Each structure stands twice: as C-alpha cells, then as structure tokens.
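Chemist: This is the structure alone, sequence omitted:
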C-alpha cells in the first residue's frame, strides 16, 4: 500500500493563517494600469534613448551650436518667463511628463494596487528602501572625501519609469505578470517620493502670493472637471496659469503637472458622479486623459528634455574629472549598487519578518533583476542633478555623465538577469522541453527552481 506524500488535512481543523503573497495577482484596475503603461513605455523608452544619443552626438560634434541653442532665451521678461530653451524643456515640457505621472498616481491610489494596504505596503517600502540606500551610499562617499557635494544626495534615488518598464518589456517575455506590476507600482511610488524630495529640498525661496494663486488654479481646475467643464479651451489655459504661478513662487514648476493630474476623477464611479451619468463609463476621465497625453509626454516632452539635459561634452579631461569626483562616484554607486540593495533588501525583510511571502512562481532572482533595473535613473535623476548643481560648477557635467553611465550599466545588467530568468521560466513551463529525468519529454516539467 502506498501512502500519499501529502496526507489530507483534518476538515475540522481551522486552516493555518498565512500572510498575503508578495506581488500576487493584480486587481482589475491594476491590470488595466499595467497594460496601459506597457503599451506605451517601450516606444517612449526608444525615443528617450534617441534623444539622449542625439544630445551626446550634437554636444560633442558641434558643441558651440549645442550651447548656443540651449542658451537661447525665449519668453516675456515681464512675466519672469524669459527662459532658455533648456529651461523651457526642464520646467515646461517636463510638466507634461509629471501631469501623466499625476494621472497614474490618481489611478493607482483609486483603482490600482495602492488603494489596498496589503498590496501597497511592499512596493511602497521597497521604493523607500530603493531611495534611502542610494542616498546613504552617496553621502558616505561625499562626506568622507575632499571636494564632496552632499547636496546631490537625491540624484541617485530616482528610477526612470519609461526606461525601466521599456527594458522589462523588451526582455521580460515569460516573466510573471505580477513582477511587471511590482516594477510599475514601485516606479510610480518612486516618482511620488521624488516629487516630494524636489518640492521639499530643492526650493531655494518661496513667494507666497503666486503659490496661493497656483493652488487656487488647481482648485478651480478640480471643480471644473467635476462639473462637466472639460473643454481643452478652458482647462489648458488654466493649467498653464497654474504652472506659471508655481514657477513664479519658486517651487519647481513641474509639480503643477502632478497636482493637476491628481485632482482628475480616476475611477469610472467618480467620473459618473462628476458628470452626472446614470451608469459608470468604461473609462475614467483620468484614464482617457492619460491615453491622450501619454504620447505627448513619451513622444515629445521627455525626449526633448533628454536632448537638452544629456548633452555632455565627453573628453579625456571630463572623464578623468568624473572618475575622481566624489559626486560622480556617489551617483554611480548609488544607482548601480544602492538601488538593488535597497529594493531587494527591504523586500527580503518584509518576506522574512512578516506573514507576507513571494507569490507562487516568483523567485528571488526575479526580484533581484527588478532591483537592478531600478538603478536606471535618467529623467528624474537628470532633473535633480540640474537642481542640485549650478551650470559650470564642475559637478554638473560629472553628475550627468555618472547618471548616463550608471543607467546604462543598470539596464544592461538588469536586462541580462531578467532575460535569463525569462528563458529559464519558459523552459520550465514548456511541455515540449524534455525533463532531465525524462529525455523523451513525456513527464510534466518540474517547478521553476528557486533563484
């Protein structure tokens, strides 16, 4: 008589308690958010890369022309909007990117993973760990060295959602969908934390009257979108006015985009209430606007920002200076080492000391791959570098070069790890792949090995 290796449990015995699965199946709202992001970010990542390459070629082949165009002043002086083209790209076009981020945050907080504490806690603490570890490593390098600049501590703390999701979309075939959702949610939380850092630590002076005016514009914007006044002829000028007032207040103007995105109804039910509809529409207003504005953000705003932010003249002197500059060293170590260390370390702590555990089919090798991809800083890191270091300070070019190099290393290493994980998972679940103990391939494949 053969005994079963897993005897049936006593039906009178209550089931053992267990915590939530880390990165488990998505809610319907979370699945839609993920599908939207994956659909657009691959093309956006490619355009962002093109903008970066054009900037590097332009700045190194025709440096005078690049500098001349970047420093061309456009805009009315009377309104304090006489900005260079580079500043318009940073303060103006990037506000569109942050508006889309605000819409994503609104959807995540309303219908996505961030509305449930059980599913939100892991990516939130992982994002916090992924910001704290790079900041500490950067400070450890810069506080212990002559010529260090502690004010750049936030440069290596940001994850670029466009590049990170693009890398996962390119190499992640066969990986669990829950892993993609974890990266998306982590990157969205990372963006939110970066926004708070920019608003809190990189605001030099504050003019209260324009700030109150900007808040008033956002409030009026929120009232209008909830009363069926959604015409672009009314809302776009109001959004531009909120941006201009915030710029005049001394707070970084891109935060106006986040504020405007967050007040848009982000669920079908909220949209129905706002518009007086009898039934819930298929898409929320935030979802519809994200479809409209994402191509503008990914196809125009972010690549043009990269065109003006990534133009570093690479020479032997610049490279030698970057290699010996604590700022560049701290940024590189923070992104390449600190990001995965913080993300994976905090996730391991949650899995070890709470009831939560990895979802079925997910292995630590997958989490390590996502942690490595999280080291792609780029857009927000370049923005913070501009805010932290004045042009011509000596650290500005070194910080940009370090962000570019570290992001490239993180993309290559993280992409390689995730691609290898995807191949292993596809091989382990493919019924035509022969099992080592069954060369003919007649037995079911074994479960994926713990990585």
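Modeler: Happy to help now that I have it. Every value quoted in this text rests on a predicted model; they were computed, and no experiment measured them.
Chemist: okay, CA-based contacts and neighbour counts for the rest of this
Modeler: Noted.
Chemist: just so I have it, where are all the strands in this protein?
Modeler: For the chain, the strands defined by DSSP state E occupy 21-22, 73-74, 83-84, 357-358.
Chemist: My guess is residue 210 contacts residue 242. True?
Modeler: No. If you go by C-alpha atoms under 8 Å, residue 210 and residue 242 don't touch, sitting 9.0 Å apart.
Chemist: ok, the two, which is more surrounded?
Modeler: residue 242 (29 against 19; other C-alpha atoms under 10 Å).
Chemist: residues contacting that one?
Modeler: Counting by C-alpha atoms under 8 Å, 6 or more residues apart in numbering, residue 242 makes contact with 213-215, 217-218, 256.
Chemist: Kindly report the same for residue 251.
Modeler: 199, 203, 205-206.
Chemist: Give me the buried entries from those.
Modeler: residue 199 (16 or more other C-alpha atoms under 10 Å).
Chemist: Residue 373: which of the contacts of residue 251 is nearest?
Modeler: Minimum distance to residue 373 across the contacts of residue 251 is 25.6 Å, recorded for residue 199 (C-alpha to C-alpha).
Chemist: where in the protein is pLDDT low?
Modeler: Where the chain drops to pLDDT under 70, the residues are 1-42, 113, 118-119, 172, 356-362, 428-451.
Chemist: The nearest residue to residue 49 once chain neighbours are set aside and residue 187, how far apart?
Modeler: Leaving aside its sequence neighbours, residue 49 sits nearest to residue 303 (C-alpha to C-alpha, 6 or more residues apart in numbering; 7.7 Å). For residue 303, the distance to residue 187 equals 19 Å [C-alpha to C-alpha, to the nearest Å].
Chemist: More neighbours: these two, which one.
Modeler: residue 303 (27 against 24).
Chemist: Not counting its neighbours along the chain, what's nearest residue 204?
Modeler: The nearest residue in space to residue 204 (C-alpha to C-alpha, 6+ apart) is residue 250, at 6.9 Å.
Chemist: Give me the neighbour count for the one you found.
Modeler: Applying other C-alpha under 10 Å, we find 18 residues neighbouring residue 250.
Chemist: That one reaches residue 209, doesn't it?
Modeler: No. Using C-alpha under 8 Å, residue 250 makes no contact with residue 209, being 10.9 Å away.
Chemist: quick one: contacts of stretch 295-306?
Modeler: 40-41, 43-45, 47-52, 55, 86, 89-90, 93-94, 96-97, 100, 162, 379.
Chemist: Report the separation between the two terminal residues of it.
Modeler: End-to-end distance (C-alpha to C-alpha), stretch 295-306: 16 Å.
Chemist: Just the contacts of residue 242: which are in helices?
Modeler: When DSSP state H is applied, the contacts of residue 242 are split such that 213-215, 217-218, 256 fall in helices.
Chemist: thinking again about what came up before, kindly provide the distance from the residue nearest to residue 49 to residue 146.
Modeler: In this view, residue 303 and residue 146 are 36 Å apart by C-alpha to C-alpha.
Chemist: Please apply the same query to residue 337.
Modeler: From residue 337 to residue 146 the distance is 22 Å (C-alpha to C-alpha).
Chemist: What of residue 341?
Modeler: Plainly put, residue 341 is 26 Å away from residue 146 if you go by C-alpha to C-alpha.
Chemist: which one of the two has more residues nearby?
Modeler: Neighbour count, other C-alpha under 10 Å: between residue 341 and residue 146, residue 341 has more, with 21 against 10.
Chemist: Spit out the contact partners of the residue nearest to residue 204.
Modeler: Counting by C-alpha under 8 Å, 6+ apart, residue 250 has contacts 203-207.
Chemist: hmm, try it at 10 Å
Modeler: Shown in contact with residue 250 (C-alpha atoms under 10 Å, 6 or more residues apart in numbering): 199, 202-208, 210-211.
Chemist: ok, the residues you listed vs residue 316, which is closest?
Modeler: Distance to residue 316 across the contacts of residue 250 (C-alpha to C-alpha) is lowest for residue 202, with 31.5 Å.
Chemist: Ramachandran coordinates for the closest one?
Modeler: Dihedral pair for residue 202: phi -120, psi 40, per degrees, to the nearest 10.
Chemist: Which of the ones in helices among the contacts of residue 242 sits closest to residue 72?
Modeler: After measuring the ones in helices among the contacts of residue 242 against residue 72 - C-alpha to C-alpha - the closest member comes out as residue 256, at 24.5 Å.
Chemist: Now the closest one. Nearest residue, chain neighbours left out?
Modeler: That would be residue 243: by C-alpha to C-alpha, 6+ apart, it lies 5.3 Å from residue 256.
Chemist: Next one: the one you found from residue 173, what distance?
Modeler: Taking C-alpha to C-alpha as the measure, residue 243 falls 40 Å from residue 173.
Chemist: higher neighbour count, the two?
Modeler: residue 243 (27 against 16).
Chemist: doesn't residue 217 make contact with that one?
Modeler: Yes. Between residue 243 and residue 217 there is a contact at 9.2 Å, judged by C-alpha atoms under 10 Å.
Chemist: what is in contact with the two at once?
Modeler: Joint contacts of residue 243 and residue 217 (C-alpha under 10 Å, 6+ apart) are 256, 260.
Chemist: list the contacts for the residue nearest to residue 409 when sequence neighbours are not counted?
Modeler: Here the nearest residue to residue 409 in space, its sequence neighbours aside, is residue 336; by C-alpha to C-alpha, 6+ apart that works out to 7.2 Å. The contact partners of residue 336, taken as C-alpha under 10 Å, 6+ apart, are 134, 156, 371-377, 403, 405-411, 413-414.
Chemist: who's in contact with residue 413?
Modeler: Shown in contact with residue 413 (C-alpha under 10 Å, 6+ apart): 336, 369, 372-373, 375, 407, 419.
Chemist: Just the ones of the residues you listed in helices?
Modeler: Among those, the members falling in helices (DSSP H) are 369, 372-373, 407, 419.
Chemist: how about those residues, which pair is most distant?
Modeler: 407 and 419 (17.4 Å).
Chemist: Which one of these two is surrounded by more residues?
Modeler: residue 407 (28 against 22).
Chemist: Report the contact partners of the more buried one.
Modeler: Contacts of residue 407 by C-alpha under 10 Å, 6+ apart are 156, 159-160, 163-164, 332, 335-336, 372-378, 381, 401, 413.
Chemist: The same query, at a cut-off of 6 Å, please.
Modeler: 376-377 (C-alpha atoms under 6 Å, 6 or more residues apart in numbering).
Chemist: what's the distance between it and residue 398?
Modeler: For residue 407, the distance to residue 398 - C-alpha to C-alpha - is 14 Å.
Chemist: Relative to residue 275, which of the contacts of residue 242 is nearest.
Modeler: Residue 275 lies nearest to residue 218 out of the contacts of residue 242, by C-alpha to C-alpha, at 18.7 Å.
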